[in-house]
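J.: Quick one, structure for this:
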Amino acid sequence: MEAFDLSHTAVVLLNSKGEVARTNRAADLLLTGELQVRQGRISTMDQAANDNLSRALRELLWEASGASLLPPVMLPRRDKRPLLAYPVKMSQLSASYFAECQAAVVLIDTDAHRKTPEATLRGAFHLTHAEARLASQLASGDPLDAVCDRLGIAKETGRNQLKSVFARTGTSRQAELVLLIASMLRSGHAARLLNRTCSPPMNESMIRKSVKRFSEKIMLNQRARAG
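T.: Model prediction:
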């Protein structure tokens, strides 16, 4: 979990049944009150959200869709903006059904990332003002059409700007972009990126590698106990 903890990224690791196997400290801070682990599963007070998350995990773990990162599931909260739950599957983990951790859910607190400094995005990724404004709005998890309406731009213009944002940030989907921006800001990488004194922030590839390293440690421990 070291890479997740260093970037303050909340992550919940799941077993082959979609049950919670491990959590890190950032996730523990979010898994309180309305959002908890109940009977081994991430659960909210909103049954529709629970059903949506269960369907996403079922698709990720048991259906041959080939997806490795699904669109976020919105987890409503009272008096707060919702959490975004990103189901992530790592092929290295799922290669063995008996491995303890098969997938992960990355939790993004949209309250914490509601205001993404556009100047930070321009400096870190060399975005234009328009691209940074769009990326800042998308970082909260809102769909592109809603962001275009709010910004008063044509949807085709928004799509073209988003393509440029993807190219400049090395992402290909909004889900990846949100994870990239969220982990960068939470970890304090933004200011260092502006000075070009640190490596790029955690993105989907880094998340995959982090969980892979963690799963390898788990498997080594399991083999040691079996021996």
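
J.: where exactly do the helices run in the chain?
T.: Secondary structure of the chain by DSSP state H: the helices cover 2-6, 25-30, 47-62, 91-94, 118-125, 129-138, 144-151, 155-169, 174-186, 189-194, 204-226.

J.: where among those helices is the average confidence lowest?
T.: Of all the helices of the chain, the minimum mean pLDDT falls on helix 189-194 (a mean of 37).

J.: quick one: buried residues of stretch 71-85?
T.: 72, 73, 74, 75, 77, 81, 82, 83, 84, 85 (16 or more other CB atoms under 10 Å). (Each C-beta comes from the backbone N, C-alpha and C, glycine too.)

J.: quick one, domains of this structure?
T.: 2-112, 118-194 (automatic domain parsing).

J.: Leaving out sequence neighbours, find the closest residue to residue 85.
T.: residue 73 (4.5 Å; CB to CB, 6 or more residues apart in numbering).

J.: Isn't that neighbour up against residue 52?
T.: Yes. Using CB atoms under 8 Å, residue 73 makes contact with residue 52 at a distance of 5.0 Å.

J.: Does anything pack onto the top strand by length along the chain? Which helices or strands?
T.: If each strand of the chain is counted by residues according to DSSP state E, the longest one is strand 80-89. If you count contacts as 3 or more CB pairs under 8 Å, 6 or more residues apart in numbering; DSSP states H and E, strand 80-89 packs onto helix 47-62, strand 73-77, strand 103-109, helix 174-186, helix 204-226.
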